[in-house]
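Curious how this folds, go ahead:
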Amino acid sequence: MTRIIAGSARGLPLDVPGSGTRPTSDRVRESLLGALDSADAIDGARVLDLFAGSGALGLECASRGAASVDLVEKAGQAAKVASHNAAKVAQSGAALARVHAVAAATFLKTAHTPWDLVFLDPPYDINDADLNAVLVLLAERLSEDAIVIVERAKRSPGPDWAAAGLEALRDKTYGDTTLWWGQPA
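Below you'll find the model as predicted:
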């Protein structure tokens, strides 16, 4: 069961789409969000969750005090689940997350908000060129001190940070999943 780990909505169960998504495990989310909390990167942040699925990463940030959260998910059923989850988390007093039912690249072409914290958890089979194109579009929409987290299969190559004008911070592997951290160069 996927649930909110900490904050105002702590313990709240989240629905997950029936198929077509791969929710980030509780273990990975707990480690990642603990590290982000320690870096004081969540409270008051403008958060963007691309390829959001159920919205668990972005909604965890909403529960922990993010100022705003945008969830971007092009799959219709997953976007409906994310909207339902966002409404449940907002009832705890957290910021209401906005759900955008469009492709990540389409959203970024028209978005103007500078984000402070961004999660990209694309399908494991996304090709590298498509992921890098999203990173290039994203780079222009980041705050100066932004943190970008890319989650992919351990066997996948890391993001091409340099092509997007970003730089690597670190990476960490959890079983079959690797998280790559980046920031504006």
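
which residues of this protein score low on pLDDT?
Applying pLDDT under 70 to the chain flags the ranges 19-22.

at 50 what do you get?
The chain contains no residues with pLDDT under 50.

Which parts of it are strands?
Here the chain has its strands, by DSSP state E, at 2-3, 13-14, 46-50, 68-72, 98-100, 115-120, 142-153, 166-174, 177-184.

With respect to burial, which of those strands scores highest?
Greatest average neighbour count among the strands of the chain goes to strand 46-50 (a mean of 27), per mean count of other C-beta atoms under 10 Å. Backbone N, C-alpha and C define where each C-beta goes, glycine included.

So residue 132 is in contact with residue 157, correct?
No - with contact defined as C-beta atoms under 8 Å, residue 132 does not count as touching residue 157 (10.2 Å).

Can you check which of the strands of the chain gets nearest to residue 88?
strand 13-14 (7.5 Å; C-beta to C-beta).

neighbouring contacts of that closest one?
1, 2, 3, 4, 54, 55, 56, 59, 85, 88 (C-beta atoms under 8 Å, 6 or more residues apart in numbering).

Direction included, what does that strand pair up with?
Paired with strand 13-14 in the same sheet, following DSSP bridges, are strand 2-3 (antiparallel).

For stretch 54-70, list the C-alpha coordinates in PDB.
Written as PDB, here are the backbone C-alpha positions of stretch 54-70 (Å, rounded to 0.1, in the frame of the first residue of the first chain):
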ATOM      1  CA  SER A  54      -0.400   8.500  -8.500                       C
ATOM      2  CA  GLY A  55       1.300  11.700  -7.500                       C
ATOM      3  CA  ALA A  56       2.900  10.200  -4.400                       C
ATOM      4  CA  LEU A  57       6.200  12.100  -4.600                       C
ATOM      5  CA  GLY A  58       4.700  15.500  -5.100                       C
ATOM      6  CA  LEU A  59       1.900  14.900  -2.600                       C
ATOM      7  CA  GLU A  60       4.500  13.800   0.000                       C
ATOM      8  CA  CYS A  61       6.000  17.200  -0.500                       C
ATOM      9  CA  ALA A  62       2.600  18.900  -0.200                       C
ATOM     10  CA  SER A  63       2.100  17.100   3.100                       C
ATOM     11  CA  ARG A  64       5.600  18.300   4.300                       C
ATOM     12  CA  GLY A  65       4.900  22.000   3.600                       C
ATOM     13  CA  ALA A  66       5.600  22.700   0.000                       C
ATOM     14  CA  ALA A  67       4.200  26.000  -1.200                       C
ATOM     15  CA  SER A  68       2.800  24.600  -4.400                       C
ATOM     16  CA  VAL A  69       2.800  21.300  -6.200                       C
ATOM     17  CA  ASP A  70       2.200  20.500  -9.900                       C
END
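
how distant is it from the center of its chain?
9 Å (C-alpha atoms, centre = their mean, to the nearest Å).

distance of residue 42 from residue 118?
Distance, residue 42 to residue 118, by C-beta to C-beta, to the nearest Å: 12 Å.
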